[in-house]
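> this is the structure alone, sequence omitted:
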């Protein structure tokens, strides 16, 4: 007999995609399921959605904002399912995800924790750039799933866990990145993990760059706090599994190699490598004699241009291959913007957040309730 699935959707005020998300879940042929929508500070729009699904979805209303962590821990206690499926309110089930709930149920035969492939609703330039960030995180957890069958950090927009496992882990903790935190605790506890790439959901990106920065600032502080708390565990994991952790780190932060090379590789070595190369090529073509002669006076420009072109080409090829494998769209020009602008900025936020977290003894004032 198929296990019962309890679906939880936390909503703050309202969501444009809540109605189609609920419609898809209720239309799913998987029979043994229950759907909870927990709404903090509901708006008339949320109340209107509830009327359409009366008797089919269990709505829980909170006049004041209690926060995602609190409401999810509370509503889990009301559920009766063996499998808990957590979905953000701003996403849609992808149309090619046939038998969405059945695939999750089948996946639970091999694992206690499951993550579902996530993409971005590509309805703006910002959304298209952010989609490559989601591709990097998707590949990382797919990689962990295939190599270690354990999860170091979840993207909590869509994941499932056995209720027994959720209770053993102690549920969600009151931290900024509760999904990253529960993923790390699952790794430490040895919870079996599986990444599902044959079904997927699409979520919305922030509506503007200012909203994106606000979101990433919160995520940056959350990640820094997570890093500070689990630094010893992460160090052990790095020693035990360098062949998994290092490639994943380079994929999540494509700007990291450029930063490391610029910080630790001596300028003299760049000059020698570039000069010898140009000197050899100039013997074949006199057109290369001027740039060869100018090498010593254009060190900084040539060095950075050379590294940027090589690394951009390498990362473009790698991301393209994994985009095809995992069913993500790929555009070289969009990726160039992601690699040259977006990724360095996001890495800078992370570095600044970690520095701030270690320098300040008191925790940063970030609203974890959102």
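In hand now; what should we look at? Being a predicted model, the structure only gives us computed values, none of them experimental. Residues are numbered from 1 along each chain as shown.
> show me where the stretch 201-350 of the chain has its strands.
Assigned strands in the stretch 201-350 of the chain: none (criterion: DSSP state E, counting those that start in this stretch).
> where in it is pLDDT low?
262-304 (pLDDT under 70).
> how does it look with 50?
For the stretch 201-350 of the chain, applying pLDDT under 50 flags the ranges 288-289.
> residue 105 versus the residue lying closest to residue 104 once chain neighbours are set aside, what's the distance?
Spatial nearest neighbour of residue 104, excluding adjacent residues (Cβ to Cβ, 6 or more residues apart in numbering): residue 160 at 5.1 Å. All C-beta atoms are positioned from the backbone trio N, CA, C, and that covers glycine. Counting by Cβ to Cβ, to the nearest Å, the gap from residue 160 to residue 105 is 9 Å.
> show me what contacts residue 183?
With Cβ atoms under 8 Å, 6 or more residues apart in numbering as the criterion, the residues that contact residue 183 are 113, 151-154.
> show me the domain layout of the chain.
5-231, 252-359 (automatic domain parsing).
> can you lay out those domains as a markdown table showing distance to residue 238?
Converted to a markdown table, the domains of the chain look like this (distance: least, Cβ to Cβ, whole Å):
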| stretch | distance to residue 238 |
| --- | --- |
| domain 5-231 | 10 |
| domain 252-359 | 14 |
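> let me know which of those domains is the nearest to residue 239.
Residue 239 lies closest to domain 5-231 among these, at 12.8 Å (Cβ to Cβ).
> what's the first-to-last distance across the closest one?
Taking Cα to Cα, to the nearest Å, domain 5-231 runs 35 Å from one end to the other.
> same deal with stretch 30-50?
Start-to-end, stretch 30-50 (Cα to Cα) is 22 Å.
> correct me, but residue 226 touches residue 177?
Yes - assessed by Cβ atoms under 8 Å, residue 226 is found in contact with residue 177 at 5.6 Å.
> what sits in contact with each of these two?
residue 153.
> run through the bridge partners of the residue nearest to residue 104.
residue 85, residue 114 (DSSP bridges).
> picking that back up, buried deepest among the domains of the chain, which one?
Of all the domains of the chain, domain 5-231 has the most neighbours on average by mean count of other Cβ atoms under 10 Å, namely a mean of 19.
> roughly how far out does that domain sit from the chain middle?
With Cα atoms, centre = their mean, to the nearest Å as the basis, domain 5-231 stands 11 Å off its chain's centre.
> for stretch 315-322, same thing?
On Cα atoms, centre = their mean, the centre of stretch 315-322 falls 17 Å from that of its chain.
> before we move on, the earlier item: correct me if wrong: the residue nearest to residue 104 contacts residue 83.
Yes - contact criterion Cβ under 8 Å: residue 160 and residue 83 qualify, at 5.7 Å.
> overlap in contacts, those two.
With Cβ under 8 Å, 6+ apart as the test, residue 160 and residue 83 both reach 5, 104, 108.
> from residue 236, how far off is the second one?
What it means is residue 104. Residue 104 is 31 Å from residue 236, by Cβ to Cβ.
> and for residue 152?
In terms of Cβ to Cβ, residue 152 sits 12 Å off from residue 236.
> show me the contact partners of stretch 148-156.
Residues contacting stretch 148-156 (Cβ under 8 Å, 6+ apart): 86, 88, 111, 113, 115, 118, 134, 137-138, 141, 144-145, 177-180, 182-184, 186-187, 190-194, 226, 237, 241, 244-245, 248.
> quick one: which of those sit in strands?
86, 113, 115, 118, 193-194 (DSSP state E).
> okay, these in CSV with distance to residue 68 and pLDDT next?
Formatted as CSV, those follow (distance: Cβ to Cβ, whole Å; pLDDT from 0 to 100):
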residue, distance to residue 68, pLDDT
86, 10, 97
113, 18, 98
115, 17, 97
118, 17, 95
193, 22, 98
194, 24, 97
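> any idea which of the residues you listed is closest to residue 94?
residue 118 (9.6 Å).
> is the closest one in contact with residue 142, as I believe?
No - taking Cβ under 8 Å as the definition, residue 118 is not a contact partner of residue 142, at 11.4 Å.
> which helices and strands sit right next to the helix or strand where residue 70 lies?
Mapping residue 70 onto the secondary structure by DSSP states H and E places it in helix 68-76. Helix 68-76 sits against strand 5-12, strand 33-40, strand 58-62, with contacts defined as 3 or more Cβ pairs under 8 Å, 6 or more residues apart in numbering; DSSP states H and E.
> mean confidence for it?
What helix 68-76 shows for mean pLDDT is 93.
> quick check, distance from the longest helix along the chain to the centre of its chain.
Ranked by residue count and defined by DSSP state H, the top helix of the chain is helix 209-240. Using Cα atoms, centre = their mean, the mean C-alpha position of helix 209-240 is found 12 Å from that of the whole chain.
> residues shared between the contacts of residue 160 and residue 105?
Contacts common to residue 160 and residue 105, judged by Cβ under 8 Å, 6+ apart, are 5, 83.
> coming back round to it: the residue nearest to residue 104 and residue 189, how far apart?
For residue 160, the distance to residue 189 - Cβ to Cβ - is 17 Å.
> same deal with residue 243?
22 Å.
> next one: residue 242
22 Å.
> residue 309 now?
Taking Cβ to Cβ, one finds residue 309 at 44 Å from residue 189.
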